[in-house]
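Q: What follows is a predicted protein model with its sequence.
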Amino acid sequence: MAYIPHTDDDRREMLKTIGVQEIADLFAPIPEEVRLTGDLAIPPALDEIGLVRHLQSLAEKNRNLDRYLCFLGAGIYDHFSPAVVDALISRGEFLTSYTPYQPEVSQGMLQSIYEYQTLICQLTGMELANASMYDAATAIAEGALMAIDITHRDTVVVARSVHPHYRRVLETYILRSGFKLETLDHDEGVMSMGVLSKQLSDNVACMVVQQPNFFGNLEDLQTFHDEIRKVGALSVVCVDPISLGLLKPPGEFGADIVVGEGQSLGCSMGFGGPLLGFFACKREYQRKFPGRIVGATTDSQGRRGFTMTLRTREQDIRREKATSNICTNEALLALCATIYLCEMGKQGLQQVADLCLQKAHYAFDRLCALAGVEPRFQAPFFKEFTIRLPFAHPPASVNQALLDYGMIGGYELRKFYPELADSMILCVTETKTREDIDRLVSAMAQITG
Amino acid sequence: MAYIPHTDDDRREMLKTIGVQEIADLFAPIPEEVRLTGDLAIPPALDEIGLVRHLQSLAEKNRNLDRYLCFLGAGIYDHFSPAVVDALISRGEFLTSYTPYQPEVSQGMLQSIYEYQTLICQLTGMELANASMYDAATAIAEGALMAIDITHRDTVVVARSVHPHYRRVLETYILRSGFKLETLDHDEGVMSMGVLSKQLSDNVACMVVQQPNFFGNLEDLQTFHDEIRKVGALSVVCVDPISLGLLKPPGEFGADIVVGEGQSLGCSMGFGGPLLGFFACKREYQRKFPGRIVGATTDSQGRRGFTMTLRTREQDIRREKATSNICTNEALLALCATIYLCEMGKQGLQQVADLCLQKAHYAFDRLCALAGVEPRFQAPFFKEFTIRLPFAHPPASVNQALLDYGMIGGYELRKFYPELADSMILCVTETKTREDIDRLVSAMAQITG
Amino acid sequence: MSDSLIFEKSVPGRRAANLPECDVPRRDPAELLGEGNLRESLPLPEVSELEVVRHYTRLSQRNYSIDYGFYPLGSCTMKYNPKVNEKVARLPGFARLHPLQDETQVQGALQLLYDLHQMLAEISGMDAATVQPVAGAHGELLSLMMIHEYHHVHGSPDRKLVLIPDSAHGTNPASAARCGFTVKSISTNAHGLTDMDALKAALNENVAALMLTNPNTVGLFESDIVEICDLVHQAGGLVYCDGANMNAMLGITRPGDMGFDVMHFNLHKTFSTPHGGGGPGCGAIGVKANLEPFLPIPVVSRREDGSYFLNEDRPHAIGSIHSFYGNFLNAVRGYAYIRALGAKGLREVGENAILNANYIRARIQEHFDIPHNRICMHEVVISASRQKSQSGVRAMDISKRLMDYGFHPPTNYFPLIVPEALMIEPTETESKQTLDAFCDALIQIAKEAAENPEIVKSAPHHTPISRLDETAAVKQLNVKWVPAEA
Amino acid sequence: MSDSLIFEKSVPGRRAANLPECDVPRRDPAELLGEGNLRESLPLPEVSELEVVRHYTRLSQRNYSIDYGFYPLGSCTMKYNPKVNEKVARLPGFARLHPLQDETQVQGALQLLYDLHQMLAEISGMDAATVQPVAGAHGELLSLMMIHEYHHVHGSPDRKLVLIPDSAHGTNPASAARCGFTVKSISTNAHGLTDMDALKAALNENVAALMLTNPNTVGLFESDIVEICDLVHQAGGLVYCDGANMNAMLGITRPGDMGFDVMHFNLHKTFSTPHGGGGPGCGAIGVKANLEPFLPIPVVSRREDGSYFLNEDRPHAIGSIHSFYGNFLNAVRGYAYIRALGAKGLREVGENAILNANYIRARIQEHFDIPHNRICMHEVVISASRQKSQSGVRAMDISKRLMDYGFHPPTNYFPLIVPEALMIEPTETESKQTLDAFCDALIQIAKEAAENPEIVKSAPHHTPISRLDETAAVKQLNVKWVPAEA
Ligand SMILES: Cc1ncc(COP(=O)(O)O)c(C=O)c1O
Ligand SMILES: Cc1ncc(COP(=O)(O)O)c(C=O)c1O
């Protein structure tokens, strides 16, 4: 049962037209020695009833966030996705189309990509945005490689306050491409400008920074850009798109390349995938940026139409000289973000950002009022903050205890930041009510009391 | 927040165009004395996040059948609905359209109604089917009133082996329309032809029978039709559409009116609604049947098109002389049944019916092998059967116990059939595996052991 | 190009559904069911799943809808159907619930019904409500049965007369007849309102009830409503409100306060549950205390301990009109809509529905006859009489031409008392831009009717099919596909 | 008519989302974030929810898809995307799961990944697999990084050369360059297969790997594959299989058995996960034991007690190429597809994909040049050279004309080695009727090219827009909307 419509008569007629006796005759080009004789050793076929029951039983083995209050962020966020988003992206015309190579029959996808590119520029304050990258990590890596290509320099510097998983992927891409990667340590949870100026040199192609950074703190982007401009290095700024409802967009600090994770823009958490890497840069790099892009033009009757453009940078034409090897991207997630941003609109995104800010600070203030719980850093923060827990109640055990209160606790910093083993990052979004936060605080009080 | 797009500027301009100062001026025609002064006393508005959480909490208070094995039938069935059904009926073009009054822009709905009518005729062996009725109960009632209209007789007879809720609705409709209703008792779970022939007379407009009947047993439709024809009464046969994958369709017994509940055809249980009453009859009654109907015709260029037809029977034109007062019907459920029947197709529906038959008999045989559990009747059955339980373990207590085994037990007959208070009707459909049935049997063994 | 029928794509032996093998020992169906009970053939179509998806995806693209564009079908309140309601109606806790499960297992569902009934009563100024009726007409039928029982219990079973304005929707007289009442039509006066003299003349001890639509089907508020109700009550009759036009009253006024004894709501109009191509709906009714005892069983009741149950201990109940408890999943959608809006949101709906209708009236009044060109409620009824007399262009022609401009036509030829009627109901969820574009189109069509009537009479020109031969559709009745004789 | 942009429908002050009020004491954002960090304005559009629904519903209707019609885009395997996979991918147990939840809370997700890796390895004849790459190109990149590390660890870090057939997809050379390799093109012989002499000539101790697509992009099986692998291995290189065309091999043959060391799958081609307008995909890779140590972290491992965990204790891992574990919800869809088909179903896919491609080849061979007109695998590559020489009609013109017949065109101008290439991949889920209708259209277009070339050169005629000015799209680059200067 493989969704195949052919009846025996169909097959007979088709074999006759082809001029062979039976299907196996069509395997002639396949050397005998590599033809399978028996069935593949995989479980027997499941009918649709059995399949759904099996998948439901696997899903039931997971503790999902419809049943637990989630205060865990660190790159994937429990933001609210309005019902209209999934209702529209699940329409077959979007879901089951492919890259819009033929514009005359794909204006639906092409126009929505053009609208996505516009929204990302509006959000980030940049001049040009591509159709999408795999995720924030690979968007950072491709941005860094683009900076190397533009500056012809061989070294990338990344702040240690950038998400450790992003830094791991950046390292893999940069080292495997034969270039160098240096890390600038954090100082009390933010980049230290003093150390930065010392560590920069004229072989630095670009510096990667995250705003807000991994600990939730705001970096000083103005001084950062002043410093790197002194050595002619480009900036790659990874942003939280929800924060841009309130925060000054990186474009206004003169950022060269702005990337980020678009999961927060209406996409499901999906155990970490699929995700959406958005990518924007200055107009002057229009020959250098990776990925696809859609442009507006007109048809023979002067009607406006949209088409994939600047194609000569791409792999199917430039092959080894292409600006990136990306072909299939995260198009449906970009559509998801597009519909989310239109549904939120100007006032909605500001309101979501403000709700996150207010609730995170309400939680922070009430938690830090508990004996034994202290703020880990002093820097301003947006929707995530780092707290230090009492010695007797390390993050892992607190999180274990929180589970019994029906909550998923914060990110345990021990693994990538040994020096912060006693601390965890908590995240509070618009989906948490005051009562939810109060329940967290009372649970923490009891656990660490 | 009521999905209203107007800005203050919009409202100002519109009031100016209308020529009034403020909105309240438009309430002038509403007498002062009946104008509300304060707010309605209903709970404050919920934002979408709060709304979904609230509805989820209400839903969580119910024990749903994704978490319990359901052996309860009695009119609403846990049949399998392929994913393709909900995927297609939730498309906005079907979901948010209304009755296709304007054919040129509604061919999608009109053609699918024409296809629905064809499928119901193919299933029931009848010549004409309408676009849908509210549910099986009202379809029976309207069928009986149609028979009264055709025969000019004033009495309807209904077999007591018809679903008690259907009989209650039939009684409400018939008595409230000023006609008479008589009930023919069952004899060992089926109609007794002897009693039938005695009770029939020439003031009987029609007799209502259900196949399989409420107890799951097969009635003798051939003799039934022979008997009622003797007194010139019409037949109203209520059928289980899944059983028609195997059973001879009522049309082949010369049934006049065939109705039934279409929920089994891919529609969700939804705590008893919305449902689908299908309605079919002989071609000769084309002036008399209730509800809407779609016919094929051609447009000015000879292209085939579909349109609502035989309109003059309907309420918007015939008013008090209409064949029924129905306007809004169960159109989307009819589309659901249409897609279900195409997805199952000839072989699929036969297979579903056969699976139900085989599994119901497997369960019946194994249960009746238990000490203390006996078949209540001897008649052949399709997917439901009635068993008698030991005195010490009445149906209600057995069902209560089954809950702890993660199962929803059978229909307790006590309420409408006091003489069968010791019995329950169990239903086994294609959604139950052999292992599920074995679990039921072992649970029953322990409970009644 | 018209798409072929699913049956014309069928190929013997083709399969779609992926069904399980039989995992229990098989027995011969003939032995289990009796040879005579088995069908020889099952002539259903045989197509693949991809063909099913393509067939109905393509059909959906040839079906106008609210999600596609402006759908001003008068008296149907084609407002935006919120997607969040579809999401919550599909929660397993609601969709995967059997109606005969023990009450202890369905407390969430019963609580929702109970709370919805309370809110509907409050919104309408009634004392109780039930969502058992699944459509407006079904609610009319139930109400008339209860009125019939009321008079019976109050010793005047011979009140056989139901007064119905000539402008009423066809379901009103049809429902009355269905309950064994005789219908007497009440004329509409020159102002488009109920003719008080005709009413007074018709009132006597035989009158069981007056069925009144308010705002009426000419889109006007029955300003004498309080006096009308008093008159009927003094004559011993009850007053029924057809609540199809409730959208204009939300948060502004209430039928209960006007003196109505019973009314039906259309959740699939006023409370945004989707019309689904013609259904399912929900025709809940609200009743004053005098009619409460006659509500159909089961009634959702609440015990002291806060638990809910299906109460059938109701001696005066008129019986039941549905196999279970009505269209529950539409009750979930209506409940979600009311909880999302709250009192303030409901009032906004009423205000903006009335604003939008009057805006359209103001913008097109020079171009079309408006029988009663004064403040209207949620819909405006115009007439194409001027066009008809000048160039023979009729209401239907204007409707067909509107399709070429990308709009779904208004309701045609209703109410019957307005010649060449076009009933336009914008609803509150349409933007000013959309209303302006619609008015511009109507004004353009009025111009075409005057200068180039042919293009209007032969419309539509930009639809998958042109006008259909309706007479042939009746004469050569073809209501099901039959395979061509082999 | 083209639909206006969402930005052109924006009206200041309009709102869609229904968001909560702030239920905690508000503090001044400037005080919390620092004045200098606040943006002055947020120029996002302001529309209503109904406008969002209508805008994207109308846009979707102007977008060709598999759900709408035949989509024979070569090398993309546009087979039916089962709706059941969308249903299970939306279960809260998968969609509402955070990747950093403790392992004990996500055992169902880890088990699914573990079992999927096992099944992919078995299907491809490899020893291990990972779904961390989110597209084929991403899988290529990962594989080349692992090949690079493999040579490094085996003492030949200077193997800098990757041999790639001239017919390969552009992602192959782009990925190789991205890993610091130099690319050497291997020519295709007159039979459309790898030129063995050219290969032998190119093989030396500098060769890190051969990247080969099998079946190749001319739709033919590389019959010398076993010898090819041996040759490369003897020269100390590894052999990478571009598995984009795996649909032809399912259940029939396996890359692992041919000698390949590593391959990528495209779950969004072979295993039916939807293409989503260009993504998301899943470019899982399969590796032989020799490359297993270099798999990216974390690796989904299983303990003796049957529990699953994310294993980062992998000293030779090349690092990570994704922020978490790949496109998990597409892994769920791929997993569901394989479990639905089982071994027999997978074989049926391979057989019928090959049958359908050869049927099209046989039906149109008289009308178009077919460079290698012998048994093909899952796709057939034809050339419009005959038409071009006779009437100047090019492959692109034929593609545009196919739109007028209601079909999505095949892939154009790929592989580059076939002039005026049209790559047709029907997949196994299309019916004989659809294939016949497509072939009839192609034959009709061939006739038109001969008798009335203009109609083909000026196509498409029945699409929302005609051919676009691609040059202007580059010259007057307009890649975002900007508000008209006030
Ligand atoms: C004024 C009026 N009354 C009653 C009805 C009947 O309601 P339903 O279609 O829900 O049966 C309608 C339906 O359109 C109507 O417009
Ligand atoms: C032959 C071939 N190789 C590689 C790829 C790249 O795969 P993806 O688009 O998933 O990155 C493609 C994609 O179309 C292809 O056809």
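A: Received, thanks. Numbering: from 1, shown residues only, chains lettered A, B, ... in the order given. Ligands and ions are numbered 1, 2, ... in the order given.

Q: Point to the helix or strand of chain A where mean pLDDT is at its lowest.
A: Within chain A, confidence by mean pLDDT, DSSP states H and E is lowest for helix A:315-318 among all helices and strands, at a mean of 87.

Q: and the helix or strand following that helix, is it in reach of chain B?
A: Per DSSP states H and E, the first helix or strand lying C-terminal to helix A:315-318 is helix A:331-368. No. Helix A:331-368 lies apart from chain B when judged by CB under 8 Å from any CB of the partner chain; the minimum separation is 9.7 Å. C-beta: built from backbone N, CA, C; applies to glycine.

Q: buried stuff in helix A:331-368?
A: Residues A:331-364, A:366-367 are the ones in helix A:331-368 that count as buried (16 or more other CB atoms under 10 Å in any protein chain shown).

Q: Phi, psi for A:A129 please.
A: The phi and psi values for A:A129, taken as degrees, to the nearest 10, are phi -130, psi 140.

Q: Bridged to it, which residues?
A: A:A280 (DSSP bridges).

Q: who touches it in this structure?
A: By CB atoms under 8 Å, 6 or more residues apart in numbering or on different chains, the residues touching A:A129 are A:Y116, A:Q117, A:T118, A:I120, A:C121, A:F278, A:F279, A:A280, A:C281, D:V479, D:K480.

Q: Could I get the residues you listed in CSV, plus columns for distance to ligand 2?
A: Output for the contacts of A:A129, formatted as CSV (distance: CB to the nearest ligand atom, whole Å):
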residue, distance to ligand 2
A:Y116, 19
A:Q117, 20
A:T118, 25
A:I120, 22
A:C121, 25
A:F278, 19
A:F279, 16
A:A280, 22
A:C281, 22
D:V479, 22
D:K480, 25
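
Q: nearest to B:Y101, of those?
A: The nearest member of these to B:Y101, counting by CB to CB, is A:Y116 at 38.3 Å.

Q: and the one helix or strand that closest one maps to, what other elements does it pack with?
A: Secondary structure from DSSP H and E places A:Y116 in helix A:107-124. Using 3 or more CB pairs under 8 Å, 6 or more residues apart in numbering or on different chains; DSSP states H and E as the contact test, the elements touching helix A:107-124 are helix A:92-95, strand A:128-129, strand A:277-281, strand A:294-298, strand A:304-308, helix A:331-368, helix D:49-60.

Q: okay if I get these as JSON lines plus distance to D:M423 and mean pLDDT?
A: As requested, those are exported to JSON lines (distance: least, CB to CB, whole Å; pLDDT from 0 to 100):
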{"stretch": "helix A:92-95", "distance to D:M423": "23", "mean pLDDT": "98"}
{"stretch": "strand A:128-129", "distance to D:M423": "31", "mean pLDDT": "98"}
{"stretch": "strand A:277-281", "distance to D:M423": "29", "mean pLDDT": "98"}
{"stretch": "strand A:294-298", "distance to D:M423": "23", "mean pLDDT": "98"}
{"stretch": "strand A:304-308", "distance to D:M423": "18", "mean pLDDT": "98"}
{"stretch": "helix A:331-368", "distance to D:M423": "21", "mean pLDDT": "98"}
{"stretch": "helix D:49-60", "distance to D:M423": "27", "mean pLDDT": "98"}
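
Q: Which one, of these, ends up nearest to D:L42?
A: Proximity to D:L42 (CB to CB) singles out helix A:331-368 among the helices and strands packed on helix A:107-124, at 5.2 Å.

Q: Does chain D have contacts with the closest one?
A: Yes. On the criterion CB under 8 Å from any CB, helix A:331-368 is in touch with chain D at A:331-333, A:335, A:339, A:341-352, A:354-355, A:357-359, A:361-362.

Q: how is chain A carved up into domains?
A: Domain assignment for chain A, taken from automatic domain parsing, gives A:69-79+A:345-448, A:83-341.

Q: quick one: terminal-to-terminal distance for the shortest one?
A: Between the opening and closing residues of domain A:69-79+A:345-448 lies a distance of 19 Å (CA to CA, to the nearest Å).

Q: can you check stretch A:262-270 too?
A: The first residue of stretch A:262-270 is 13 Å away from its last residue (CA to CA).

Q: near chain B at all, that stretch?
A: No. Judged by CB under 8 Å from any CB, stretch A:262-270 stays clear of chain B, getting no closer than 12.2 Å.

Q: List the contacts of that stretch.
A: Residues outside stretch A:262-270 that contact it (CB under 8 Å, 6+ apart) are A:65, A:76-79, A:81-82, A:85, A:132, A:240-242, A:274-278, A:330, A:333-334, A:336-337, A:339-341, A:343, D:90, D:94-99, D:327-329.

Q: Show the average pLDDT along it.
A: In this model, stretch A:262-270 has a mean pLDDT of 98.

Q: What segments of the stretch 101-250 of chain C are strands?
A: Ranges of strands in the stretch 101-250 of chain C, per DSSP state E, counting those that start in this stretch, are C:128-130, C:161-165, C:182-186, C:207-213, C:238-242.

Q: cool, and the stretch 1-150 of chain A?
A: For the stretch 1-150 of chain A, the strands defined by DSSP E, counting those that start in this stretch cover A:69-70, A:128-129.

Q: can you redo these as a markdown table with distance to B:L426?
A: Listed next are the strands of the stretch 1-150 of chain A as a markdown table, based on distance: least, CB to CB, whole Å:
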| stretch | distance to B:L426 |
| --- | --- |
| strand A:69-70 | 41 |
| strand A:128-129 | 61 |
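
Q: In space, what's closest to residue 39 - neighbours in sequence excluded?
A: Assuming you mean chain A. What sits nearest to A:D39 in space, not counting adjacent residues and going by CB to CB, 6 or more residues apart in numbering or on different chains, is D:A343, at 3.7 Å.

Q: Please refer instead to chain C.
A: Spatial nearest neighbour of C:R39, chain neighbours left out: B:K248 (4.7 Å); criterion: CB to CB, 6+ apart.

Q: Provide a list of residues in contact with the one you found.
A: With contact set as CB under 8 Å, 6+ apart, B:K248 has these partners: B:G125, B:L221, C:G36, C:N37, C:L38, C:R39.

Q: can we see that at 7 Å?
A: B:K248 sits next to C:N37, C:L38, C:R39 when contact means CB atoms under 7 Å, 6 or more residues apart in numbering or on different chains.

Q: and the second one, how many neighbours?
A: Going back to what we said before, that points to C:L38. 14 (other CB atoms under 10 Å in any protein chain shown).

Q: doesn't C:D28 make contact with it?
A: No. The pair C:L38 / C:D28 is not scored as a contact, 10.0 Å apart, by CB atoms under 7 Å.

Q: Can you tell me which of the strands of the stretch 1-150 of chain A is most buried?
A: strand A:128-129 (a mean of 24; mean count of other CB atoms under 10 Å in any protein chain shown).

Q: And it, how far out from the chain middle?
A: 17 Å (CA atoms, centre = their mean, to the nearest Å).

Q: before we move on, what about stretch A:201-209?
A: In terms of CA atoms, centre = their mean, the centre of stretch A:201-209 is set 23 Å apart from its chain centre.

Q: List the buried residues in it.
A: By 16+ other CB under 10 Å, the buried positions in stretch A:201-209 come out as A:V204, A:A205, A:C206, A:M207, A:V208, A:V209.

Q: hmm, who's touching it?
A: By CB under 7 Å, 6+ apart, the residues outside stretch A:201-209 that reach it are A:140, A:144, A:147-148, A:151, A:153-159, A:162, A:170, A:191, A:219, A:224, A:228, A:231-238.

Q: Next: stretch A:114-123.
A: A:127-129, A:131, A:241, A:244, A:249, A:278, A:280, A:293-294, A:296, A:306, A:334, A:337-338, A:341, D:5-7, D:43-44, D:479-481.

Q: and it, what's its mean pLDDT?
A: Here stretch A:114-123 scores 98 as its mean pLDDT.

Q: Count the residues that sit near C:A176.
A: The number of residues packed near C:A176 is 30, by other CB under 10 Å.

Q: Find the nearest non-adjacent residue to it, please.
A: Counting by CB to CB, 6+ apart, C:A176 lies nearest to C:V162, which is 4.2 Å off, once chain neighbours are set aside.
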